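**Student:** no sequence for this one, just the structure:
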């Protein structure tokens, strides 16, 4: 807590890494690439989970749980999916350790305990789930299956960063099965809409909805819907994806159903997920050089009360007022903490709660007792006001919604100020370099051009926006004709 | 659904296995020893989770998340713990698959991608957590740490059974750190009390609280508190454990703190957990030959309404009544389903909801419409009654609490009728054989006797009950003096 945060303008990446650790969100562990999510960080994740879970259930989904391990023979069944994940997966090969005869007190893998078939630690669960669905689906009456699971997954990433890219991460993965292509497509789009609504309304993060180009699609998908957010350093972050999987997994696992007419047809599939990566998006969208800034919806502590006092008598008087405020706010469903620790000074506490992004701070000192007021400070704008005791609850309730919408507005304005239409490749490079953000540019639709632009600028096509207008133009790189603009950016 | 369940009296074990699958709780997966928890089963588990999570938070605990993998060098640090789990652990040795040159289209482990240090898939998380706590704890001010995690763990069991013993299972594991032995002991006992309260009041499962003998303790614990339940076949089931770990892990990972007086001391630890095994306990405590019987607290659907009708007009009239009941019950926080599927007959639906343990069924037919009544059937006693429309809500609300307490009473009476005091070894064997259940017997306190009794009878000491009375006696096996009775049983 002692040292100041690096400023965003100095080193955005360093600022992020420091903030995640100092604000007690997460830290690196003894396991390469795996993080420990600390209680304060986990409490934010729990709020995300609760809201998403509610939204999934409201749209007819149920939770279930499938095995952590995928036998190699299932893993390799859907070829593109296997190819996409084989290069970075953790593989269990043995089921026992034994005493190491050469190193007393140490253990080694027991060579006798080799598995007949290796098990891949799930990087995603399509394979294990579709091998299960095969037994659940016989007829159109068994469809749709609308299932979600909350789970950990492992992708052996070589370069990791807390929340943004970790070898193990937590996520939810929805896996649905449908009788028709139309229904599966509608499901994939619906869940992308759910993610967008969640990001905007709950996390106060504005997003662009779109579909991925072929080369950016999920391995095994026929269409990938996504939501793309913009961070304060002008880089994009993919915040959620929803895949229309066609009949690829049904064919790989031979999952057919009898139609009403008695015909045998392959089942249509979707999958969709968001992960603890959203924690990174949260930090990088709203926070500032003083620390975290949390939207009230996601704040484990929404209001903190700090007493400013000398001696026990003053503390007792202030505590009386504070406890009353605590009671009144809790009755309104607002989470509030009265920090009466005598081991730390008010200034230390102010810094701590600023660092941790508590949306509202109430300070109460002897002068406030006299005047019947308290000082209320909001974390987002750092504005302070004195409020009469009788008006505290009303003020705080209003502030909760004001701060939530102010954070969205601020991020929305920033994002919109960083969407630039560019019309030739010089302009493309210039804007990308000078300002970053999203570039709306014409593209000829080929993988070759996409790859070339990536190679030359590090920018990728984040998505083809769903609301892209029909517009005649020419590709910024190749000059070939194009009829809509797509969204480029450098990305996390 | 078509075939009848095996009767409990015919083959209890078969009855259990069939019921878990037929009631859609869980099924075996393509991965040896790992299960798929199906949506209906998972919905029950979610209710357990929500209540336990509430109770943990009420007692001051916070959730966090630690890595799935334990590097071998950390795994082996606490010797007894390592020894206890080494024989049955899944080990990750490689981080990549590659195309198999000998089998086109297939993958194999990439021999180049061998990990420098093997990773054990956590069978329990003391090692990884205490290696983390080392960095979190410097002074007495950092204590206590009261953390819980909801996670999956893997123990490579050779003989598995759905919920009762699976290679992967879901659980929560609390891991706390304290400045004093007394505080850690009090925490361990408190959490065992929380488990007991949860089992009794929420799951309607009566339990005996006790401590384990040395040979039955958790590997690495100095004292293991436990709750023991009795199943309908007279076998015991350990439903939860809470361990006082002494300073074993603090010493293994060198975790010291500065006391108020500035001295360096090792930290005291506890850990405690319950798992999806509780699902097995739930099934085996309350269910009957017709299927599941669920306490209302745990039932995903508490009330089901089945219409009995001929033709659309009757259905429309019944639906109007049913929808009103749905609305009224939901307003009381009762989960209710109106099953108006026209693809299945009422008799089929009756059987299905009986099998799935829905606590209350409401049937509405044309005669009920005339009379202004409905038929209400309770699952636990199979009793039926006709109730006037105006009294439905009141009746159901009352039934919810009646069924919950009736299930507890029934299990409590059964359990008490199956606790037998035995005074010599012939009586011990006779009662164990003829009646099963818990045997309260004197024991000389030695591991030798405990082992011998196990060898001869398969009964183990489930616990030394916390409320065991001081009583002079002689060991049922050795005849040596003893001053209290301990609880023996055959166990799951």
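**Tutor:** Nice, thanks for sending it over. Just so we're clear, the structure is a prediction, and the values are computed from it rather than from any experiment.

**Student:** anything in stretch A:292-309 near chain B?
**Tutor:** No. On the criterion Cβ under 8 Å from any Cβ of the partner chain, stretch A:292-309 is out of touch with chain B, staying 9.0 Å away. The C-beta positions use only the backbone N, C-alpha and C, and glycine is treated the same way.

**Student:** got the end-to-end distance for that stretch?
**Tutor:** 27 Å (Cα to Cα, to the nearest Å).

**Student:** specify the beta-bridge partners of the closest residue to residue A:236 other than its chain neighbours.
**Tutor:** Spatially, and ignoring its direct neighbours in sequence, residue A:236 is nearest to residue A:489 (3.7 Å; Cβ to Cβ, 6 or more residues apart in numbering or on different chains). Under DSSP bridges, the beta-bridge partners of residue A:489 are residue A:460.

**Student:** does stretch A:164-176 reach chain B?
**Tutor:** Yes. Stretch A:164-176 reaches chain B (Cβ under 8 Å from any Cβ) through A:168, A:170.

**Student:** now the helices: where do they sit in chain A?
**Tutor:** A:12-22, A:39-58, A:72-75, A:79-86, A:126-136, A:181-197, A:248-252, A:277-286, A:311-331, A:346-355, A:366-371, A:392-417, A:425-434, A:447-457 (DSSP state H).

**Student:** re earlier: list the contacts for the residue nearest to residue A:236?
**Tutor:** A:228, A:230, A:234, A:235, A:236, A:436, A:437, A:438, A:439, A:459, A:460, A:462 (Cβ atoms under 8 Å, 6 or more residues apart in numbering or on different chains).

**Student:** again, 6 Å this time
**Tutor:** Taking Cβ atoms under 6 Å, 6 or more residues apart in numbering or on different chains, we find residue A:489 in contact with A:236, A:438, A:459, A:462.

**Student:** okay if I get the helices of chain A as JSON lines plus mean neighbour count, mean pLDDT and distance to residue A:106?
**Tutor:** Below are the helices of chain A laid out as JSON lines (neighbours: other Cβ atoms under 10 Å in any protein chain shown; pLDDT from 0 to 100; distance: least, Cβ to Cβ, whole Å):
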{"stretch": "helix A:12-22", "mean neighbour count": "18", "mean pLDDT": "98", "distance to residue A:106": "32"}
{"stretch": "helix A:39-58", "mean neighbour count": "18", "mean pLDDT": "98", "distance to residue A:106": "33"}
{"stretch": "helix A:72-75", "mean neighbour count": "22", "mean pLDDT": "97", "distance to residue A:106": "29"}
{"stretch": "helix A:79-86", "mean neighbour count": "19", "mean pLDDT": "94", "distance to residue A:106": "32"}
{"stretch": "helix A:126-136", "mean neighbour count": "24", "mean pLDDT": "98", "distance to residue A:106": "34"}
{"stretch": "helix A:181-197", "mean neighbour count": "20", "mean pLDDT": "98", "distance to residue A:106": "47"}
{"stretch": "helix A:248-252", "mean neighbour count": "22", "mean pLDDT": "97", "distance to residue A:106": "42"}
{"stretch": "helix A:277-286", "mean neighbour count": "25", "mean pLDDT": "98", "distance to residue A:106": "37"}
{"stretch": "helix A:311-331", "mean neighbour count": "15", "mean pLDDT": "96", "distance to residue A:106": "53"}
{"stretch": "helix A:346-355", "mean neighbour count": "17", "mean pLDDT": "97", "distance to residue A:106": "42"}
{"stretch": "helix A:366-371", "mean neighbour count": "14", "mean pLDDT": "95", "distance to residue A:106": "62"}
{"stretch": "helix A:392-417", "mean neighbour count": "17", "mean pLDDT": "98", "distance to residue A:106": "52"}
{"stretch": "helix A:425-434", "mean neighbour count": "15", "mean pLDDT": "98", "distance to residue A:106": "53"}
{"stretch": "helix A:447-457", "mean neighbour count": "15", "mean pLDDT": "98", "distance to residue A:106": "47"}
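
**Student:** got TSV for these, with distance to residue B:484 too?
**Tutor:** Below are the helices of chain A laid out as TSV (distance: least, Cβ to Cβ, whole Å):
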stretch	distance to residue B:484
helix A:12-22	52
helix A:39-58	41
helix A:72-75	53
helix A:79-86	57
helix A:126-136	50
helix A:181-197	59
helix A:248-252	60
helix A:277-286	52
helix A:311-331	46
helix A:346-355	51
helix A:366-371	59
helix A:392-417	57
helix A:425-434	78
helix A:447-457	75
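
**Student:** tell me which of those helices sits nearest to residue B:257.
**Tutor:** Closest of these to residue B:257 is helix A:39-58, at 18.5 Å (criterion: Cβ to Cβ).
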